[in-house]
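**Student:** Here's my sequence, what's the structure:
(2 chains, ligands or ions: 2)
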Amino acid sequence: MNSAIIRHAIWPLLIALALAFVLVGSGLDLAYVIPRRLLRLAAMVLGGVCVAWSSIAFQSITGNRILTPAIMGYEALYLLLQALLILTLGSASLALLGHHGNVLLSMLCMLGYSWALHRWLLGNGKNNLYFLLLFGLVLTLVLTTFTQFIQLRISPGEFSVLQGFAYTSFNRADGQQLLYSGALVLGVGVVGFKTLPSLDVLALGRDQALSLGVDYPRYVRLYLALIAILVAVSTSLLGPTAFMGIFVANITYALARSSRHRLTLPLGCAIAISLFIVAQFLVEQVFNYKTTVGILVNLVCGAYFLALMIRSRGDA
Amino acid sequence: MITLKHIHKAYAGKTVLHNVSVQFPTRQLTSLIGPNGAGKSTLLMLIARLLKPCSGEILINGRNAAHYRVSEYARQVATLRQHPQFSLRLTLEELVAFGRFPHSRGALNEEDRQQIDTAIGFLGLDHLRGAYIDELSGGQRQMAFLAMTIAQQTDYLLLDEPLNNLDMKHAVQIMRALRRLCDEQGRTVILVVHDINFAANYSDHILALQGGAVRFCGPVAEVVTRSRLQALYGLDFEILRSERGFVCNYFNPSDQEREHEQG
Ligand SMILES: Nc1ncnc2c1ncn2[C@@H]1O[C@H](COP(=O)(O)OP(=O)(O)OP(=O)(O)O)[C@@H](O)[C@H]1O
Ligand SMILES: [Mg+2]
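**Tutor:** Ligands and ions are numbered 1, 2, ... in the order given. Predicted structure coming up:
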């Protein structure tokens, strides 16, 4: 398939999907149904941008096509934080901190984790994929186990609150949180857009980037900070997205046939948003809420990704 | 002018360069030679600022290299690594365009495009312009990276084994191109080569390293001698000089040496 056609066709497709999502079966109810759907759509757009962008940028600075923030334990860290909050403050913690307090706290946590990653693992540019992968898997395992350990110590009521954090959903966010998240993503977008050419150079690896005049440690630090903000926004908006980042990034590379971020980032965002819309549409209209977005996304992406890999025999 | 003063470098306590003090003459081509593990790449990477010396200083145009900003340094010194690893999907032209990054920070102007064309033409890569780097042969990829380094238009070029993977014809083509960079454009080229014949025939200066120390250093005519090369590599050399240059033959030991070995 021609990648230029795909790049241009994805936008009308996305708009058509969005319209279908908002209008189909709404009875044109402008008082309740359509505004609720618009809120969900906004959550999907923001979430899609965050997932695609953070995954592609993370893969570029670590120089591989497997690692994503989710795999490196960012989301597990978020869940552990929520569990700890509920353990120490009870479910009242939600009321106590409010949405914004919670988002802010998650963001600080992830910025801290990004800083630690940069300090000890990614700053020197010698990224050993297998080591990082092992590290991410073990860390995720430890954090998840710890979260489970806490879950067993809290009351059933609190347990169900915690369960609510653990899967993808677009119904969580209210208008105000969406507004704040949108502003944050916009801020990240401005910085990201200004430094976009540097990201292309970072993807060439530490030595090449330094030779070309990009201050590697500084830019890696900057990007890890941006990624932390994006992941914090997306997890608090819609919960963990697990493997979706890998699928979105790799489908993007396969369709874009280029590593220039000018092409891959917008395409990735469009793909992630489309996936969310399709999955949510199916959940609402076809499965009548008897399945979840997470399950559908994994199913659809996984199948498509496998097909892509088999068809192009490994160079997907 | 690049000057190294008392450079000392150790990896995790293991010394690989010991008290190296040398000067690289401006507008000339200097070859770094020496056995595997002698410290050639380490020395070049120190100059490129990809590694930090444990002690000693490196002066570029009389100013301590460590005091340059990263972006400023990239307009002075361009570096080609020994094994550029690559998994990205970029065309040759896109790769060469990265060479302009130190000047344009990503927004290419007319002059940048011209430099990109010139660098690609300089190495005769026009027919591969639109080819993807990950689909090139090892030698073609090496040339693509060299083109990127040339497009950087710096006064100093540091090349670690640029002849790696190249056939004789392309190796000669590259060495001629490098000579032209020195002679016509006044650039200073420092490269690591293993083929002593290329070093002897195309460079102005030779710097020989062995076990992390400078073994000898000087103009080609002075230092390419039988005794020096024999001591450096532990091989029996025969050096033939003709109008067309040097031939250093080390393939078979002389009869005398063979008798000596058989005792
Ligand atoms: N990252 C590293 N960690 C530890 N030791 C290293 C490292 N890189 C190089 N060395 C050691 O430093 C010494 C010099 O290495 P260097 O790469 O400079 O040699 P070289 O002269 O370029 O050899 P070659 O001709 O094989 O490329 C070698 O003994 C090597 O084992
Ligand atoms: Mg070497």
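
**Student:** Relative to chain B, how far out is residue A:303?
**Tutor:** 24 Å (Cβ to the nearest Cβ, to the nearest Å). Every C-beta, even on glycine, is put in place using the N, C-alpha and C of the backbone.

**Student:** does residue B:59 sit in a helix or strand, and which one?
**Tutor:** strand B:55-60 (DSSP states H and E).

**Student:** Give the pairing partners of that strand; include direction for each.
**Tutor:** strand B:2-11 (antiparallel), strand B:63-64 (antiparallel) (DSSP bridges).

**Student:** distance between it and the chain's centre?
**Tutor:** Relative to its parent chain, strand B:55-60 has a centroid offset of 19 Å by Cα atoms, centre = their mean, to the nearest Å.

**Student:** wait, residue B:152 sits on residue B:97?
**Tutor:** No - contact criterion Cβ atoms under 8 Å: residue B:152 and residue B:97 do not qualify, at 11.0 Å.

**Student:** how about the strand holding residue B:59: buried residues?
**Tutor:** By neighbour count with 16 or more other Cβ atoms under 10 Å in any protein chain shown, strand B:55-60 contains the buried residues B:56, B:58, B:60.

**Student:** residues in contact with that strand?
**Tutor:** Residues outside strand B:55-60 that contact it (Cβ atoms under 8 Å, 6 or more residues apart in numbering or on different chains) are B:1-8, B:19-21, B:46-47, B:64-66, B:68, B:73, B:76-77, B:156.

**Student:** can you tell me which residues contact the nearest residue to residue A:205 once chain neighbours are set aside?
**Tutor:** Nearest residue to residue A:205, sequence neighbours excluded (Cβ to Cβ, 6 or more residues apart in numbering or on different chains): residue A:63, at 5.8 Å. Neighbouring residues of residue A:63 by Cβ under 8 Å, 6+ apart: A:127, A:129, A:203, A:205, B:87.

**Student:** Equivalent analysis for residue B:215, please.
**Tutor:** Contact analysis of residue B:215 by Cβ under 8 Å, 6+ apart lists B:34, B:208-209, B:228, B:231-232.

**Student:** Check residue A:78 too.
**Tutor:** A:106, A:109-110, A:165, A:231-232, A:235-236, A:240.

**Student:** re the thing from before, so which of the contacts of residue B:215 sit within strands?
**Tutor:** When DSSP state E is applied, the contacts of residue B:215 are split such that B:208-209 fall in strands.

**Student:** now the strand holding residue B:59: mean pLDDT?
**Tutor:** In this model, strand B:55-60 carries a mean pLDDT of 92.

**Student:** now do stretch B:188-207
**Tutor:** On average, stretch B:188-207 scores 92.

**Student:** Ok, stretch A:25-35 next?
**Tutor:** For stretch A:25-35, mean pLDDT is 80.

**Student:** how about it: buried residues?
**Tutor:** For stretch A:25-35, by 16+ other Cβ under 10 Å, it's residue A:34.

**Student:** just for the chain, where's the confidence low?
**Tutor:** Chain wasn't specified; assuming chain A. For chain A, the stretches flagged by pLDDT under 70 are A:1, A:91, A:93-96, A:125, A:312-316.

**Student:** meant chain B actually
**Tutor:** Residue ranges of chain B with pLDDT under 70: B:84, B:257-258, B:261-263.

**Student:** Next to ligand 2, which bits of it? Give me the list.
**Tutor:** B:41, B:82 (Cβ under 5 Å from the ion).

**Student:** Residue of chain B closest to ligand 2, please.
**Tutor:** With Cβ to the ion as the measure, residue B:41 is the residue of chain B nearest to ligand 2, at 3.1 Å.

**Student:** got a list of what that residue touches?
**Tutor:** Counted by Cβ under 8 Å, 6+ apart, residue B:41 has contacts B:82, B:160, B:192.

**Student:** For burial, what's the neighbour tally of the last one?
**Tutor:** Neighbours of residue B:192 under the rule other Cβ atoms under 10 Å in any protein chain shown: 25.

**Student:** give me the beta-bridge partners of it?
**Tutor:** residue B:32, residue B:160.

**Student:** Please name the residues that touch it.
**Tutor:** By Cβ under 8 Å, 6+ apart, residue B:192 lies in contact with B:31-33, B:40-41, B:44, B:82, B:159-161.

**Student:** Buried ones only from these, please, as a PyMOL command.
**Tutor:** In PyMOL, this line selects whichever of the contacts of residue B:192 come out buried by 16+ other Cβ under 10 Å:
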select buried, chain B and resi 31+32+33+40+41+44+159+160+161
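
**Student:** can you narrow the contacts of residue B:192 to ones near ligand 1?
**Tutor:** B:40-41, B:82 (Cβ under 6 Å from any ligand atom).

**Student:** check whether stretch B:68-88 contacts chain A.
**Tutor:** Yes - using Cβ under 8 Å from any Cβ of the partner chain, we find that stretch B:68-88 touches chain A at B:70-75, B:77-79, B:81, B:84-85, B:87-88.

**Student:** that older thread, with the contacts of residue A:63 in mind, which one is nearest to ligand 2?
**Tutor:** residue A:205 (17.2 Å).

**Student:** Residue B:213 is in contact with residue B:20, correct?
**Tutor:** Yes - taking contacts as Cβ under 8 Å, residue B:20 lies within contact range of residue B:213: 6.9 Å.

**Student:** Pick out whichever of those two has more residues nearby.
**Tutor:** Set residue B:20 next to residue B:213 and count neighbours by other Cβ under 10 Å: residue B:20 wins out with 22 against 15.

**Student:** buried set for stretch B:205-222?
**Tutor:** In stretch B:205-222, counting by 16+ other Cβ under 10 Å, buried: B:205-210, B:212, B:214-217, B:220.

**Student:** Can you report how many residues lie near residue 98?
**Tutor:** Reading this off chain A. Neighbours of residue A:98 under the rule other Cβ under 10 Å: 12.

**Student:** actually it's chain B I care about, not the one you picked
**Tutor:** Residue B:98 is flanked by 23 other residues according to other Cβ under 10 Å.

**Student:** Look up which helix or strand the residue of chain B closest to ligand 2 falls in, please.
**Tutor:** helix B:40-47.

**Student:** tell me the helices in the stretch 101-250 of chain A, going along the chain?
**Tutor:** Taking DSSP state H, counting those that start in this stretch, the helices of the stretch 101-250 of chain A run over residues A:129-151, A:156-165, A:175-194, A:196-202, A:206-211, A:216-238, A:244-256.

**Student:** Find the nearest non-adjacent residue to residue A:305, please.
**Tutor:** Once flanking residues are discounted, residue A:305 sits nearest to residue A:247: 5.3 Å by Cβ to Cβ, 6+ apart.

**Student:** correction: residue A:272
**Tutor:** Residue A:272's closest residue in space is residue A:48 (Cβ to Cβ, 6+ apart), at 3.6 Å.

**Student:** In the chain, which residue is most central in space?
**Tutor:** Going with chain A. Residue closest to the mean C-alpha point of chain A, counted by Cα atoms, centre = their mean, is residue A:51 at 2.4 Å.

**Student:** actually it's chain B I care about, not the one you picked
**Tutor:** Central residue of chain B (Cα atoms, centre = their mean): residue B:191, at 1.7 Å.

**Student:** okay but residue A:110 is in contact with residue A:234, surely?
**Tutor:** No - judged on Cβ under 8 Å, residue A:110 makes no contact with residue A:234 at a distance of 10.6 Å.
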